[in-house]
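**Student:** Sequence first, then the predicted structure, then my questions.
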Amino acid sequence: QHYKSITFIELMALEIGKICKLDEVVINRIAAGEVVQRPCNAIKELVENSIDAGSDSITVSVDDGGLKMLQITDTGHGIRKEDLVIVCERFTTSKLKTFSDLRSINTHGFRGEALASISHVSFVTIQTKTVYDKCAWAAHYKDGKLHPKKPGTSADPKPCAGNTGTTITAEDLFYNMGTRKRAMNGRDEFNKVAHVITCYAVHNTGIAFSLKKSGDNMPKIRTTSKASKIDTISNLYGPALGKELIEFSCDDKNFAFKSSGLLTNANYSGKSFRFLLFINNRLVESSSAKKAFEAVYSSVLPKNSYPFVYLSIEIDPQNIDVNVHPTKNEVHFLHEDEVIAGIQAKAQQTLYKCSTSRNYYTQARLPGFDMAAAVEEVKGTKKVREETENTRVYDHELVRTDCNQTKLDLFIANQGNKIMTEKTSELNTTPTTSLFTTLDSEKPGPSSKKMKLPNPGTENSSRASTSSDNKDNIDTINVEEFIPKEAPKSVNNPTHRRPIYLTSVLALQEEICKARHEGAVDLLREHKFVGVANTQYALAQVRTKLYLFDIGKLSEALFYQKAIFDFQNFDIFDFSEPSPMHELIMIALDDESSSWNPDHGPKEELATFATDLLVSRREMLDDYFSIMVTKEGSLSGLPLLVDQYYPLLHQIPMFLLRLATEVDWDSEKGCFQTIAQEIAKLYAMRPIEQESDNSATQSTQNKISDPNIPDWKFTVEHILFPQLKSFFVPDQSVTASGAILQVADLHDLYKVFERC
C-alpha cells in the first residue's frame, strides 16, 4: 500500500539519460586535457609561439619536470597590452582569420587554443613588452580569464620592469586533474621536455635555446644561434655522432616538395632509433617515414643497432592538412607514399655512396655478459692445462704471458720508439720505490701528512689498526671487508696516515666497494697491455681475448676513487707562482663550454662570486683535498693523486669554475662526492685534439725528448694502466658505459680462418 504503481513507459523513461548542455568550464577543461596531455605538450606549444614571434633566444625553466612550474622566456615582438584581456581565451589568435587561411598557413600555431588550454589546467602568469611600450605588463590567468594575484585586488594587467619579449609561467600543472598528475613522474617528464627542446634546437639553428631545472646554475641544454646543424647535433648528442653525419636533399616538382636532412653513416650505431621529423617546420611523427628509414638501414647496420636521422620536408601548404590532431603531432598531406618513397631512395643512394669504407665497433660485452662465469671458465681452462702439461697445446690456445714481450708500438715506424724503449728500460731497471717518490718527500711539514691508502690486506696496516683502536669511540662504517686485497700501496710509502672518522666519506668508500663488478675486477687484474690504439683507446689482452679500453672513462673513474680513498691524505705539488683564481675563472667563462649567457649576470661579478666562495672554503679544501687556496684568492697547489702524473694546465680554469658552481655545498656527503668528481674530471686523460701528421709527430717527439715530461703513451702504459690493474675497483656503471669493449677472440678468429 505504500508503493505507487508505475507503467512500463515511465520505467523506460527513467533509465534513458537526459541530454543536457555541459557547463562552459567543463567543456574547456575537457578540451584542455586533449591539447595539453603532458608538460612537454605545453612546452611545445609555447616554443612554437615564441618562434612565430620572431625570437632569437628561447630559455625554458622547469621544476619537477614541469608539473610544479614551467617557464619560457623569449625575445620576440611581445604581446600588446590591449590583447592581454583575451589572450588566454579559446580561439583567439593573430595567425588566422578565415578558414581558407588554413590552406596557406605558414606559422606553427593557428587555432588559438594553446594558452587557453594551459590556463584551464594551471595558474598562468604572462609578462610581456613590445618595442613600443615604455614598460612591461604582467597579468595572471585562471580558466582562460584574467585573475587577481591576490583576493580583493584588481585583475587588470599591472606595469612592471622587463625586456622586450614575453615570459610565460605556468604553475601547478594539472592541479585540477589529480589522477593524471599522480600518474606522472617528474624525471620522465623532464626527459620528454628535453627531447622537445633538443628537436627544435636542431631544426632552428638561428635561435639560441636553453633548458635548465629550476634552481640549477648551469643549463642542461644550451645551444648558440651561430652554430650549424652539425655543430648543434654534436653539442646535443655528442661528437661521436656528429662526426658520422652526412647531408642529403631531395626535390620533386611533380609532387611539390623539397626535403633536406642529416643521417649517420654505417660507422655509427645507437641503442635506439633517433628520428627527428619536421614537416613545414612542425615537429611531427610519421610511422611510414620511420619505417622507410628503418628499411634503408636494415642492410647496413647489424641487428639491434640503430641510426640517427634528421629530416625536414617542405610541402606546398595547399597539399597539407595540419588540423588533424589535438596536439598537432600528426599531419596529412597529398601523395604521402610517393613523397616518402622519393626521400627513401635518395637517402639510400647517399648512404651507399658513403659506405665504401667503414669502421667497425662492437657492443660492450660487460652489461649483458656474465663476466664472472667467463673468468671462472678461463680459470678452469688454465687449471686443466696445468694438470695436462704434456698434452699438446694448439695454436689457438697460445697466449702471451709476459708483458715485456713485443708490443704493438714496435710495429709502427716512429722516430720516438727508440727513445720510448729507452724510457721503458729505465723504468724496468729502476727500483720500485723510486717510482713512488713525491715531489715534497724531502720537505718537512704539510707534505708529511699527505699520505695514500695503505694495503688493507696487510695485517699491520695503519688504517686497520686505526679502525680497531677507535671502534668504541666513534660509530664508523667498516669498509675493510669490501676493499679488494689488490688495493695498491701508497704512492708515498707513508709512515703515518691520518685516520678517517667522517661517516659520509666512509659511506662513499663503502658504496664503491659494494658496487664492484667481480668480472671486470678479474679482467683488469689479469690483463696484459698491448698498445695504444689512439688518444682515446688502448688495447689489452686477457688470455685469448682482445679488449679495447676507453682511457678517458676509466681514468676518470680511477681518479674519483683515489679522491675518495685518499681523502685528507694527499700529497701536494706546488705551483712555482700562485695563480689568481679570478683571472682563471674569467678565462673559463669566456670559453663556450661554460654555457654562460647574459641571463647569468656579468662575467666579472660571477668570477668574483666564485673566487670569494672558494676562498671562504679554502681551509676545508686544503685539509681534505690538498687544493691550496690563499687568502688573496690565488691557487698555489693541487693534490698529487698519482706519482709522475699531472693534470693539463688548460683545464684548471674550468675546474675552478665548476668547483664553485657544480659542487653541492649544502650537504656533507654530497659536497665531498661532487668535489671528488670534479677532481676526477680535471685529472682524467682526455683525447688529444687531432692535428696534422707533421705537427702531431713533431709534438710527440718534443714531449718524448724532454726527460721531465712523460710522453702520453708512456703515461698510459707505465703509469695509468698499472694503477688500473692494482688499485681500480670497477663497478656496474663503468661496465655499462662501454668503457671496456671486446674486440676479438682468438677462438672465434680461428673459426673464421678455417672457413677461408
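**Tutor:** Structure's in. What do you need? Computed from a predicted structure; not experimentally measured.

**Student:** Where does pLDDT dip in the stretch 251-400 of the chain?
**Tutor:** Across the stretch 251-400 of the chain, residues meeting the criterion (pLDDT under 70) sit at 322-330, 355-400.

**Student:** Which residue ranges of it form helices?
**Tutor:** Chain-ordered helices for the stretch 251-400 of the chain, with DSSP state H, counting those that start in this stretch as the definition, fall at 287-298, 336-353, 371-387.

**Student:** I'd like to know which elements the second one is packed against.
**Tutor:** If you count contacts as 3 or more C-beta pairs under 8 Å, 6 or more residues apart in numbering; DSSP states H and E, helix 336-353 packs onto strand 245-252, strand 257-264, helix 287-298, strand 308-315. All C-beta atoms are positioned from the backbone trio N, CA, C, and that covers glycine.

**Student:** Please determine how far Lys603 is located from Lys212.
**Tutor:** Counting by C-beta to C-beta, to the nearest Å, the gap between Lys603 and Lys212 amounts to 18 Å.

**Student:** coming back round to it: and of the helices and strands packed on helix 336-353, who's closest to Thr125?
**Tutor:** Closest to Thr125 of these is strand 308-315 (C-beta to C-beta; 34.0 Å).

**Student:** by contact count, what packs against the closest one?
**Tutor:** If contacts are counted by 3+ C-beta pairs under 8 Å, 6+ apart, strand 308-315 sits against helix 186-203, helix 229-237, strand 257-264, strand 274-279, helix 287-298, helix 336-353.

**Student:** can you rerun that using 6 Å?
**Tutor:** strand 257-264, strand 274-279 (3 or more C-beta pairs under 6 Å, 6 or more residues apart in numbering; DSSP states H and E).

**Student:** Please identify which helix or strand holds the residue lying closest to Ala116 once chain neighbours are set aside.
**Tutor:** Distances taken as C-beta to C-beta, 6 or more residues apart in numbering place Arg90 nearest to Ala116, at 4.3 Å, with adjacent residues excluded. Under the criterion of DSSP states H and E, Arg90 resides outside all helices and strands.

**Student:** Which single strand of this protein contains the most residues?
**Tutor:** As far as residue count goes, and with DSSP state E defining each element, the longest strand of the chain is strand 571-580.

**Student:** What strands line up against that one, and which way round?
**Tutor:** Taking DSSP bridges as the criterion, strand 571-580 forms sheet pairs with strand 634-640 (antiparallel).

**Student:** hang on, the earlier thing: so which of the helices and strands packed on strand 308-315 comes closest to Asp622?
**Tutor:** Proximity of the helices and strands packed on strand 308-315 to Asp622 was assessed by C-beta to C-beta; the nearest stretch is strand 274-279, lying at 45.9 Å.

**Student:** so what does that closest one touch, helix or strand wise?
**Tutor:** strand 308-315.

**Student:** Alpha carbons of the strand it packs on, as CSV, please.
**Tutor:** In CSV, the C-alpha atoms belonging to strand 308-315 read as follows (Å, rounded to 0.1, in the frame of the first residue of the first chain):
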residue,chain,number,x,y,z
PHE,A,308,70.2,8.9,-36.2
VAL,A,309,68.1,10.7,-38.8
TYR,A,310,67.0,14.3,-39.0
LEU,A,311,64.6,15.1,-41.8
SER,A,312,62.9,18.4,-42.8
ILE,A,313,60.2,18.3,-45.5
GLU,A,314,58.7,21.4,-47.1
ILE,A,315,55.3,20.8,-48.8
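
**Student:** Need the residues that contact it.
**Tutor:** In this structure, residues lying in contact with strand 308-315 by C-beta atoms under 6 Å, 6 or more residues apart in numbering are 202, 241, 257-264, 274-279, 293, 333.

**Student:** Now that we have those, which of them are buried?
**Tutor:** Burial of those was assessed by neighbour count (16 or more other C-beta atoms under 10 Å); the buried members are 202, 241, 257, 259-264, 274-279, 293, 333.

**Student:** rewinding a little: run a quick neighbour tally on the residue nearest to Ala116.
**Tutor:** For Arg90, the count of nearby residues is 21 (other C-beta atoms under 10 Å).

**Student:** sorry, back to before: can I get the longest strand of the chain as CSV, trimmed to CA atoms?
**Tutor:** Coordinates of the C-alpha atoms in strand 571-580 are reproduced here as CSV (Å, rounded to 0.1, in the frame of the first residue of the first chain):
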residue,chain,number,x,y,z
ASP,A,571,100.5,14.8,-1.4
ILE,A,572,100.8,18.3,-3.0
PHE,A,573,102.5,19.6,-6.0
ASP,A,574,103.1,23.4,-5.6
PHE,A,575,103.0,25.9,-8.3
SER,A,576,106.1,28.0,-8.9
GLU,A,577,103.9,31.1,-8.5
PRO,A,578,100.4,31.3,-7.2
SER,A,579,97.8,31.9,-10.0
PRO,A,580,95.0,34.4,-9.4
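
**Student:** And the next helix or strand past it?
**Tutor:** Later in the chain than strand 571-580, the nearest helix or strand by DSSP H and E is helix 581-590.

**Student:** Which neighbouring elements make contact with the next helix or strand after that next one?
**Tutor:** Of the helices and strands lying after helix 581-590 in sequence (DSSP H and E), the nearest is helix 603-616. Under the contact definition 3+ C-beta pairs under 6 Å, 6+ apart, helix 603-616 sits against helix 581-590, helix 652-661.

**Student:** what about dumping the CA coordinates of the last one to PDB?
**Tutor:** What follows is the C-alpha trace of helix 652-661 in PDB, where atoms were taken according to Å, rounded to 0.1, in the frame of the first residue of the first chain:
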ATOM      1  CA  ILE A 652      92.400  24.300 -14.400                       C
ATOM      2  CA  PRO A 653      90.200  27.400 -15.200                       C
ATOM      3  CA  MET A 654      87.200  25.200 -15.900                       C
ATOM      4  CA  PHE A 655      88.000  23.100 -12.900                       C
ATOM      5  CA  LEU A 656      87.800  26.200 -10.600                       C
ATOM      6  CA  LEU A 657      84.600  27.400 -12.200                       C
ATOM      7  CA  ARG A 658      82.900  24.000 -11.800                       C
ATOM      8  CA  LEU A 659      84.300  23.700  -8.300                       C
ATOM      9  CA  ALA A 660      82.300  26.900  -7.400                       C
ATOM     10  CA  THR A 661      79.100  26.200  -9.300                       C
END
